[in-house]
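Asks: would you be able to build a 3D model of this:
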Amino acid sequence: MYLSATRSAQAGRAKAPPGAAAKVSGTVVALGVVSLLTDMSAEMVTAVLPMYLMYGLGLGYLQLGMLDGLYTGATALLRLGGGYAADRLGRPKLVAGAGYGLSALTKLGFPLAGASMAGIGVMVGIDRLGKGVRTAPRDALIAASTPPSALGRAFGVHRTLDTAGALLGPLLAFALLSTVAGGYDVVFVGSFCLAVAGVLALVFFVRAPAVPNRDRRASLRRALRAVTAPAIRRIWLLTGILGLATVGDMFLYLAVQQRLGLPPAALPLLPLASALTFMLAATPAGRLADRAGRWRVFVGGHVLLAGGYLLLAGGVRGWGFAVLVLLLHGLFYACADGVLMAHAGSLLAPEIRSTGMAVVQTTQALARSAGAVGFGVLAQTATLGAAFGVAAAVLSAAVAVGVLVQRRGGAA
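Replies: Here you go, the predicted model:
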């Protein structure tokens, strides 16, 4: 009753008929533009955080891991609330808009916070609140606007635009700071303007598809029964196992910076390489997932990430090594981010889709948060290279579990 019967038979490997390389819907493109503007806004503010935390405040690996875990996991429970509210009200666009608007308001709060770590923490927390509320309803809108056979491609296009914003945001921030000496307030105001533009794009250009069975409201009991159905439960459990075995992005960039001997000021530029790869590969990875199987591509992305960890664990140095690590990191996100939502979205009935997606996203966020903290403890007690060696082994074992379940027909 809660899984779409027409979709579950081909869960995660729905194939588009010949000639149906259908155009991505205007709603998906509009949501991509909203995410592009919002990510530009967010990344303008957060581009220098790792450098500031590690080299400005002199934090150790343990503290960095805890902060990275907190940053990753802060939206977890909020995603559940946003997803359930969207299903309960039957208005995912409204709930997503509230999340986008909340994040936009925080951009004006950063200048008021000044150098107060407590104030900055509050602003970051509110921004994460907005992100948590909007994510599942936004992804549900994408799924509701797309035929099941093209979900991977649709999410790939969205993630391409989303990542373009993540790529352009730091560049714009550095350009503003280079033009205006000490112009941090200019960065904050520019970030606010972009965030507001994103909210307006959502309001005026995103059409919310009609929700079938509007009379079947997502009661808490119905939501629980839906997300604990075997197919969905298997997805979020395996996603959690893989998430526990991943390392926080801050550590990966820090390891590359230290291996190359780059100055600390170069650290905020390293994510741009991963973001560029993600942006270019997201749509092809989504189309591949529609044809070859979404779960296969999702697990394959983790294989690539394990390869990157192995490189960081070894003694290899040089720019070729760094480019390969960042390339593998970007390909991992291209294979894992939107593809997972396409896989889950193909299994969930429309009236419960936001809640189900939120459960998968929450499990992944909490698992990655715990993984970041665990890696921080390991890196604090051993060397960073040795910690990545352990991470590569653990992630390889987690991938083996995912492949085993796939072969048994648990997740195609």
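
Asks: which parts of the stretch 251-400 of the chain are helices?
Replies: Using DSSP state H, counting those that start in this stretch, the helices of the stretch 251-400 of the chain run over 270-292, 294-313, 319-345, 353-381, 384-407.

Asks: and those, which one's lowest on average pLDDT?
Replies: Lowest mean pLDDT within those: helix 353-381, a mean of 85.

Asks: and the angle for that helix with helix 384-407?
Replies: 150 degrees (axes from the mean of the first three to the mean of the last three CA atoms, to 10 degrees).

Asks: got the angle for helix 353-381 vs helix 319-345?
Replies: Using the same axes, to 10 degrees: helix 353-381 against helix 319-345 is 150 degrees.

Asks: which residue packs closest to the spatially most central residue of the chain, ignoring adjacent ones?
Replies: Nearest to the mean C-alpha position of the chain, by CA atoms, centre = their mean, lies D337 at 5.7 Å. In this structure, D337 finds its nearest non-sequential neighbour in R159, 5.6 Å apart by CB to CB, 6 or more residues apart in numbering. Heads up, the C-betas are built off the backbone N, CA and C, glycines and all.

Asks: kindly report the same for V24.
Replies: V157 (4.8 Å).

Asks: again, but for D185
Replies: P111 is the one closest to D185 (CB to CB, 6+ apart), at 5.1 Å.

Asks: how many neighbours does that neighbour have?
Replies: By other CB atoms under 10 Å, 15 other residues sit near P111.

Asks: so which strand or helix has it?
Replies: Per DSSP states H and E, P111 falls inside helix 109-113.

Asks: does Y100 touch P137 like I think?
Replies: No: the criterion here is CB atoms under 8 Å, and Y100 misses it with P137 at 10.2 Å.

Asks: so the residue nearest to D337: helix, strand or coil?
Replies: Three-state call for R159 (DSSP: H, G, I helix; E, B strand; the rest coil): helix.

Asks: same check on D185?
Replies: Of the three states, D185 takes helix under three-state DSSP.

Asks: and it, how close does it get to T46?
Replies: Note on D185: its distance to T46, by CB to CB, to the nearest Å, is 16 Å.

Asks: got it, and G301?
Replies: 24 Å.

Asks: repeat for L312
Replies: From L312 to T46 the distance is 23 Å (CB to CB).

Asks: neighbour count for the two, which is higher?
Replies: A direct count of neighbours by other CB under 10 Å for L312 and T46 places L312 higher, at 25 against 19.

Asks: now that one: how far from G320?
Replies: 14 Å.

Asks: can you check the pLDDT for T239?
Replies: Value for T239, per-residue pLDDT: 92.

Asks: circling back: ok, the residue nearest to V24 to T27 distance?
Replies: 11 Å.

Asks: so for those two, which sits in the more crowded spot?
Replies: Taking neighbours as other CB under 10 Å, V157 and T27 compare with V157 leading, 25 against 20.

Asks: spit out the contact partners of that one.
Replies: By CB atoms under 8 Å, 6 or more residues apart in numbering, V157 lies in contact with 24, 28-29, 32, 282-283, 286.

Asks: mind putting those residues into a markdown table with neighbour count?
Replies: Shown next, in a markdown table, are the contacts of V157 (neighbours: other CB atoms under 10 Å):
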| residue | neighbour count |
| --- | --- |
| V24 | 20 |
| V28 | 22 |
| V29 | 18 |
| G32 | 24 |
| A282 | 29 |
| T283 | 22 |
| G286 | 29 |
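
Asks: next helix or strand past the helix holding P111?
Replies: helix 117-144.

Asks: now the angle between helix 353-381 and that next one, please.
Replies: Going by the same axes, to 10 degrees, helix 117-144 makes 140 degrees with helix 353-381.

Asks: could you pull up the mean pLDDT of helix 117-144?
Replies: Here helix 117-144 scores 81 as its mean pLDDT.

Asks: returning to that earlier point: more crowded one of Y100 and P137?
Replies: Taking neighbours as other CB under 10 Å, Y100 and P137 compare with P137 leading, 29 against 26.
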